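[1] no sequence on hand, only this structure:
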């Protein structure tokens, strides 16, 4: 599993304040602790101050990469901000995100291709958010085709089948799990990633819902997830899920995490 | 989900002692607490003292049914013990278990039919324990056919695809999950149940592994599981899993369990 650490997000109050104050130590501590907890990418989002988002993104990329060799997930709805982030990024970044809407993909995909980056594509198109598994799979295939047109291989694409709250529509969990399996079957080589936390919107004990859904998504074949790697119970659940689905031979990672004390609150 | 409470098992030391001492209060407390925690069936196993297993089983059935209206899961490898338990059981019992081995099914299924009971069939045949999902499905179909020959409907049969430890064979978790889905597809109407705990044999933090596997099994379509209903984290995981797979409309059960304080250690 590819773990994308979600904590360096300016919409979180303390992070937004640290970015505004150029408090590098605070941001770098979040980077190092997520890396030590097992993150493979660190998401960086500077969206809280729209007028200076590009400047803040550049500062985040440089500040975070000064203390970790991990690649970053450049998280912005703005192509200009993505471009500014990519220009300063060292190594192969992951761009988060584009959609199947024609303007959005034609704005973002050329940047991804030019910088040899990878990209997260959300299963949204001009009709809006998908309801069913079938709609998600159909849009996923559009995303794969659009990436290919720009010379981006399926293995550099992460399709996100767009998790929606089960509190308002009970069938949304099942629809996403079904879509994960179908996308893996219909588009071999493509990665499927999930932004987990929307699934539990409106319910109590959100972290419980999130980690149980992550376990199910691992069984369905998901490759990557945007999560809080400092959430011990979520990471314990993930290690167990990998061991249970044959992704962890001899349960070696599970046993190492146990011995390191990672399973205790 | 049909929850079979596993705690009244004579191989657990305190339970074995209580049965030997005819300590009805201890056994009845285990029955009532499991019922209150949401059990649909209570497993009763008297196998610790083989020479008097039938006598102990009769005492267990009467002692437990004196304090709860729940049906019991009569758990024994012996047809004579099953028959003694069924004779005293009030309501529709679940017999645990028979296999596809010719002697075993011909000894148990006539008893199940005669008492109008339901039965758990393990996917074991004369060749032994199954390795692959395919073997499990093949044996499951034999179990369904054998039950039908005795006039037992698929809806009264619980096929258990035999969980084996992932510590020795990493592919056993995936094989069982695949078998759950395939059995549900190939034999509509049949129930699939799991005895969970073998999955974690030989690993630390067994309850973590068990509950994560249960969540995956719910997503795969499992109908019933033999579990400890007093394990708060397992039950919380199960409620979340049901909400996530559309088995709990408006997340009503999940919210009720939360309000009742069931999610806290």
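    That came in fine, so what should we check first? Predicted model, so just to flag it, every value in this text is computed and none were measured. Residues are numbered from 1 along each chain as shown, chains lettered A, B, ... in the order given.
[2] which bits of the stretch 51-200 of chain A sit near chain B?
    When proximity is defined as CB under 8 Å from any CB of the partner chain, the stretch 51-200 of chain A approaches chain B at A:166-167, A:170-171, A:173-174, A:177, A:199. Placement of C-beta: from N, CA and C, glycine included.
[3] of those residues, grab the buried ones for ChimeraX.
    Restricted to buried positions by 16 or more other CB atoms under 10 Å in any protein chain shown, the ChimeraX selection for those reads:
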select /A:166,167,170,171,173,174,177,199
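[4] wait, which of the residues of the stretch 51-200 of chain A next to chain B is closest to residue B:256?
    Checking those against residue B:256 by CB to CB gives residue A:167 as the nearest, at 14.2 Å.
[5] thought residue A:198 was touching the closest one, still the case?
    No - contact between residue A:167 and residue A:198 fails when scored by CB atoms under 8 Å: they sit 10.2 Å apart.
[6] as a check, name the ranges of all strands in the stretch 51-200 of chain A.
    For the stretch 51-200 of chain A, the strands defined by DSSP state E, counting those that start in this stretch occupy A:72-75, A:94-99, A:118-122, A:157-160, A:191-195.
[7] name the helices or strands packed onto the third one?
    With contacts defined as 3 or more CB pairs under 8 Å, 6 or more residues apart in numbering or on different chains; DSSP states H and E, the packing partners of strand A:118-122 are strand A:94-99, helix A:102-114, helix A:133-149, strand A:157-160.
[8] list the helices and strands the longest one packs on?
    Yep, that's helix A:133-149 we're talking about. Using 3+ CB pairs under 8 Å, 6+ apart: helix A:133-149 touches helix A:102-114, strand A:118-122, strand A:157-160, helix A:172-186.
[9] identify the residues contacting the strand ranked longest in chain A?
    Identified as the longest strand of chain A according to DSSP state E is strand A:2-9. For strand A:2-9, the surrounding residues in contact (CB atoms under 8 Å, 6 or more residues apart in numbering or on different chains) are A:15, A:27, A:30-31, A:34-35, A:37-45, A:60, A:64, A:73, A:75, A:94, A:96, A:191, A:193, A:223-230, A:238.
[10] any idea what the residue nearest the centre of chain A is bridged to?
    Nearest to the geometric centre of chain A sits residue A:226, at 3.6 Å (CA atoms, centre = their mean). According to DSSP bridges, the partner residues bridging residue A:226 are residue A:4, residue A:195.
[11] isn't it up against residue A:210?
    No - judged on CB under 8 Å, residue A:226 makes no contact with residue A:210 at a distance of 10.7 Å.
[12] about what we covered before: narrow the contacts of strand A:2-9 to those that are buried.
    Neighbour-count burial (16+ other CB under 10 Å) applied to the contacts of strand A:2-9 gives A:15, A:27, A:30-31, A:34-35, A:37-45, A:60, A:64, A:73, A:75, A:94, A:96, A:191, A:193, A:223-230, A:238.
[13] any chance of the helices and strands packed on strand A:118-122 in TSV with mean pLDDT and distance to residue B:23 as columns?
    Below are the helices and strands packed on strand A:118-122 laid out as TSV (pLDDT from 0 to 100; distance: least, CB to CB, whole Å):
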stretch	mean pLDDT	distance to residue B:23
strand A:94-99	97	61
helix A:102-114	97	69
helix A:133-149	97	53
strand A:157-160	98	56
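[14] out of these, which one sits most buried?
    By mean neighbour count, with neighbours taken as mean count of other CB atoms under 10 Å in any protein chain shown, strand A:157-160 ranks first of the helices and strands packed on strand A:118-122 at a mean of 28.
[15] now what about that one, what contacts it?
    If you take CB under 8 Å, 6+ apart as the criterion, strand A:157-160 is touched by A:94, A:97, A:118-123, A:140, A:143-144, A:147, A:183, A:187, A:190-195, A:223-224.
[16] before we move on, what about stretch A:106-120?
    Residues contacting stretch A:106-120 (CB under 8 Å, 6+ apart): A:73-74, A:79, A:82-83, A:86-87, A:89, A:92-98, A:146-147, A:149-152, A:156-160, A:193.
[17] mind doing that once more with 6 Å?
    A:79, A:82-83, A:86, A:93-98, A:150-152, A:156, A:158, A:160 (CB atoms under 6 Å, 6 or more residues apart in numbering or on different chains).
[18] do the same with stretch A:125-133
    In contact with stretch A:125-133 (CB under 6 Å, 6+ apart) are residues A:100-101, A:123, A:136, A:139, A:175, A:178-179.
[19] and which of the residues you listed is nearest to chain B?
    Distance to chain B across the contacts of stretch A:125-133 (CB to the nearest CB) is lowest for residue A:175, with 8.8 Å.
[20] okay, now that closest one: neighbour count?
    If you count neighbours by other CB atoms under 10 Å in any protein chain shown, residue A:175 ends up with 22.
[21] against residue A:189, how distant is the nearest residue to it once chain neighbours are set aside?
    Of all residues not flanking residue A:175 in the chain, residue A:133 sits nearest, at 4.7 Å (CB to CB, 6 or more residues apart in numbering or on different chains). Here residue A:133 is placed at a distance of 20 Å from residue A:189 (CB to CB, to the nearest Å).
[22] same thing with residue A:35?
    Note on residue A:35: its distance to residue A:189, by CB to CB, is 27 Å.
[23] now swap in residue A:135 and tell me
    22 Å.
[24] cool, and residue A:158?
    Distance of residue A:158 to residue A:189, given as CB to CB: 12 Å.
[25] same check on residue A:136?
    18 Å.
[26] check residue A:66 too.
    Taking CB to CB, one finds residue A:66 at 34 Å from residue A:189.
[27] give the burial count for the residue nearest to residue A:197 when sequence neighbours are not counted, as a bare number.
    If the residues on either side of it in the chain are set aside, residue A:197 comes closest to residue A:210, at 5.8 Å by CB to CB, 6+ apart. Residues near residue A:210, counting by other CB under 10 Å, number 25.
[28] and for the one 3 residues further on?
    Look at residue A:213: counted by other CB under 10 Å, it has 29 neighbours.
[29] quick one: contacts for it?
    Neighbouring residues of residue A:213 by CB under 6 Å, 6+ apart: A:199, B:244.
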